[in-house]
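Asker: Compute the structure for the input listed below.
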Amino acid sequence: MPDKNEKERRDRIMKELQQKEALEFENSLPMSRDKFKLLFDYLDEKLNEQGCDDTNALTMSFLLQFSNETAEKVLAWLADHGGKCDCEILANVEEQFE
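Answerer: Down below sits the predicted model:
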């Protein structure tokens, strides 16, 4: 069993790794957190009304209406983070922002 100093050292290393991962995630975002929050709210509303058609059509519509960022860049980032269709974006990507 590790002594108190070893436990503190491990906790410090773990905290540093978590901070590094959080910073890398933030730096990888292709648009602001605020726009992502708006996207998630938009998808939540639209998916409740229409359901998912296994495409990213709702996300594309949002990006073309409300975002100045390149839609292809954002869609590629979303796909890399588990969101290939609108419902996956809401289910898999939104949780990464918590």
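Asker: and residue 91, what pLDDT?
Answerer: pLDDT recorded at residue 91 is 96.
Asker: any idea how far it lies from residue 19?
Answerer: When Cβ to Cβ, to the nearest Å is applied, the distance between residue 91 and residue 19 equals 26 Å. All C-beta atoms are positioned from the backbone trio N, CA, C, and that covers glycine.
Asker: neighbour-wise, which of the two wins?
Answerer: Taking other Cβ atoms under 10 Å, residue 91 and residue 19 do not tie; residue 91 has more neighbours (15 against 10).
Asker: Distance check, that one against residue 36.
Answerer: Taking Cβ to Cβ, one finds residue 91 at 14 Å from residue 36.
Asker: One more: residue 14?
Answerer: 26 Å.
Asker: which is the next helix or strand following the lowest-mean-pLDDT helix or strand in the chain?
Answerer: Within the chain, confidence by mean pLDDT, DSSP states H and E is lowest for helix 4-28 among all helices and strands, at a mean of 88. As assigned by DSSP states H and E, the chain's next helix or strand after helix 4-28 is helix 33-50.
Asker: Report all helices and strands that that following helix contacts.
Answerer: Where contact means 3 or more Cβ pairs under 8 Å, 6 or more residues apart in numbering; DSSP states H and E, helix 33-50 is packed against helix 57-66, helix 86-88.
Asker: ok so, going back, neighbour count winner among residue 14 and residue 36?
Answerer: Between residue 14 and residue 36, residue 36 has the larger neighbour count (other Cβ under 10 Å), namely 20 against 10.
Asker: returning to what we had before: ok, of the helices and strands packed on helix 33-50, where does mean pLDDT dip lowest?
Answerer: Minimum mean pLDDT among the helices and strands packed on helix 33-50: helix 57-66, a mean of 94.
Asker: Just want the angle from that helix to helix 33-50.
Answerer: 130 degrees (axes from the mean of the first three to the mean of the last three Cα atoms, to 10 degrees).
Asker: for the helix or strand following helix 57-66, which positions count as buried?
Answerer: Sequence-wise, the next helix or strand downstream of helix 57-66 (DSSP H and E) is helix 71-80. Of the residues in helix 71-80, 71, 74-75, 77-78 count as buried by neighbour count, 16 or more other Cβ atoms under 10 Å.
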